[in-house]
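1. give me a 3D structure for the following:
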Amino acid sequence: MALVTQVSPSMDTNTGMFAPQLSGDFTAGEDLLAVAPCYLKTSDGLVYMSNGTAADEAAEFVGFTPKSYKAGQSVTLFGIGARFKYAAFSGQVGNKLFIAATAGRLDTAATTGDAVGVAQVINATDIRVIRNV
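-> Residues are numbered from 1 along each chain as shown. Next up, the predicted model:
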């Protein structure tokens, strides 16, 4: 298991136009990283970064942030099919990425909270969202 180190994370706007979006009345419950997998917390309805430490609510997934947000800001999340620049991958094209045990990050191996994976490496720098809610 290896935490993926982000390198200038950003959204590919061409795929973002067509990917499912969750927007409107959603607010960041904490500062959110750019290109972070996120969930909606049922107790307050706010958006938080997903965390795969345990198989609990924090490990759920509703979409990725296209940019960073400050707590209290209105949030838009992007789902399956969206493409993001994420890291420098070496020989990992086709590999799945999982919600990491570090909030808002991705891991190269399954975690207790995510045995399925949320993204796939598609070239030397980019990932594609492969999982819906």
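2. please tell me I have it right and residue 47 contacts residue 32.
-> Yes - taking contacts as Cβ atoms under 8 Å, residue 47 lies within contact range of residue 32: 6.8 Å. The C-beta positions use only the backbone N, C-alpha and C, and glycine is treated the same way.
3. so what sits against both of these two?
-> Both residue 47 and residue 32 are in contact with 38, 69, 75, where contact means Cβ atoms under 8 Å, 6 or more residues apart in numbering.
4. isn't the last one right up against residue 64?
-> Right, residue 75. No - with contacts counted by Cβ under 8 Å, residue 75 stays clear of residue 64, the gap being 10.9 Å.
5. spit out the residues that contact those two alike.
-> Common neighbours of residue 75 and residue 64 (Cβ under 8 Å, 6+ apart) are residue 38.
6. more crowded one of the two?
-> residue 64 (29 against 23; other Cβ atoms under 10 Å).
7. got phi/psi on the more buried one?
-> phi -110, psi 150 (degrees, to the nearest 10).
8. show me what stretch 92-103 is in contact with.
-> So stretch 92-103 is contacted by 3-4, 36-37, 48-53, 58-59, 61, 89, 106-124, 127, 130 (Cβ under 8 Å, 6+ apart).
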